[in-house]
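Engineer: Using only what follows, build the 3D model:
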Amino acid sequence: MPTLDIFGNSAFSLTSLTDAINKIPFVPGRLGQLGIFDESGVSTTSVMIEEREGSLTLIETSQRGAPAQQNQHNKRKARSLVVPHIALEDTILADEVQNVRAFGSESQLDGVQNVVNFRLAEMARKHDATLEHLRIGAIKGQILDADGTTVLYDLFTEFGVSAYSEIDFDLDNATPAAGAVRKKCHDVKRKVEDELGAVPYEHIHAFCSATFFDDLVSHPEVTEAYRRYQESAFLRAGLARGAFEYGGIVFEEYRGKVGSVDFIPDGKAHFFPVGVPGLFRQYNAPADFVETANTIGLPRYAKQAVDLEFGRWVKLHTQSNPLPICTRPKVLIKAKRT
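Structural biologist: Got it, this is the predicted structure:
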C-alpha cells in the first residue's frame, strides 16, 4: 500500500478521528477540576441567552373565597452570542510515516495510527489549555482571546449590568484595624448574596495572584488562622494545595498565563460563588464542516486531508467551538491587595 494511501482507510475518517480526539482524556485546568461549568452541545454557531429580571416576592394573605393575588411575570431579555471558533492544524509528512510499524505489530495501519494519535493528543492538550483560558475569562466577567488582551465578550456589557467597584483589601497596611480582612470578606459575601437573593450556594471561591495570596497569608490577622488550617489540611479533601478558608471564603493561588500575560493579574483576586445551579454554562457548537452542519456540537473535532497534488503530506485539522459564560456576571467580585 502506498504510504499516504493508508489515510483513505475508514480509521482516518472524520467520524473516527473525531471519536479518537474526544476519547483522549481531558486534562482539566483548575476550573475543570472545580466542575462549576454545566456543559452542553448546541446545533447552531450562536446561542440565545435569555435573562429574566428575577426577584422573589411574598404572597399576601387573603380571605378564603376572596380573589387571589395575581402572579407577576418577570420581564425577559434575549441576546445572541456567537460561539468562538478555535482551530489548530498540523502536518504529517510522508517521511514521518514511511516504514512505520507499531511495536510488536506487522501492521502499517497500527503504526500510522500511533503517529496520528500522538499528534492528536498534543493538539488536544492545546485545546484544553485554551478552554481553561476562556473559562477564566468567564469567572472574571471578561472573556479574552489567546493574546490575553483582545476582548471577545465583556459579560457585564452583554448583560447590561455594572460590575461592583474593586474592593481594596489593604493588605500592606502596617497597622491594620482589628478584623479588617474579615470585614472585607464579609463585604464580598454580602455583595454576592445580594445578587443571588434566595438562590443557595456552597461557598465563595477566590482565585488570587501570587502577590495577593502571599500578602494575605502573611497578614497579622490571617497568619495564625492559616497556620492552623495548613496543620489540619490532611483532614480535608477537595481543596487544591495551598488553598485555605478564611472569613467564609476559600482563597487559592491560581497560576497560569498566556505568554507574559497572567490569567490573574498581579496583585488581584477574583471571587465567584460555587454550587449555584446554572450560574456557569458552556455551550459547544458544531464544527464548520458540511458533515457536521446543524448537528449537536461536540467538545472537539478532528479531520484530515491528503496532499492530492504530490502526495507528500497529510494535514490534520482539529477544532473546538466552546462558549463558557457566567449567566449572572454581577456576582463576580474583583479585589486588589492594596
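
Engineer: give me the element the residue nearest the centre of the chain is part of.
Structural biologist: For the chain, the residue whose C-alpha lies nearest the mean C-alpha position (Cα atoms, centre = their mean) is residue 135; its distance is 2.3 Å. Element membership for residue 135, per DSSP states H and E: helix 108-140.

Engineer: Quick one: mean pLDDT over stretch 327-338.
Structural biologist: For stretch 327-338, mean pLDDT is 96.

Engineer: and if you look at stretch 166-177?
Structural biologist: Here stretch 166-177 scores 95 as its mean pLDDT.

Engineer: what pairs with residue 49 across the strands?
Structural biologist: Each beta-bridge partner of residue 49 is listed here, defined by DSSP bridges: residue 79.

Engineer: residues near it, how many?
Structural biologist: For residue 49, the count of nearby residues is 18 (other Cβ atoms under 10 Å). The C-beta positions use only the backbone N, C-alpha and C, and glycine is treated the same way.

Engineer: List the buried residues for the helix holding residue 135?
Structural biologist: Going by neighbour count (16 or more other Cβ atoms under 10 Å), the buried part of helix 108-140 is 108-109, 111-114, 116, 119-120, 123-124, 127-128, 130-140.

Engineer: how long is stretch 196-215 end to end?
Structural biologist: Using Cα to Cα, to the nearest Å, the gap from the first to the last residue of stretch 196-215 comes to 30 Å.

Engineer: ok, now stretch 323-338?
Structural biologist: Across stretch 323-338, the straight-line distance between its terminal residues is 33 Å, by Cα to Cα.

Engineer: go on, stretch 251-266?
Structural biologist: 15 Å.

Engineer: Centre of the chain to that stretch, how far?
Structural biologist: 14 Å (Cα atoms, centre = their mean, to the nearest Å).

Engineer: ditto for stretch 89-101
Structural biologist: Here stretch 89-101 shows a centroid-to-chain-centroid distance of 34 Å under the convention Cα atoms, centre = their mean.

Engineer: Kindly report the same for stretch 312-322.
Structural biologist: Its chain's C-alpha centre and that of stretch 312-322 lie 22 Å apart, by Cα atoms, centre = their mean.
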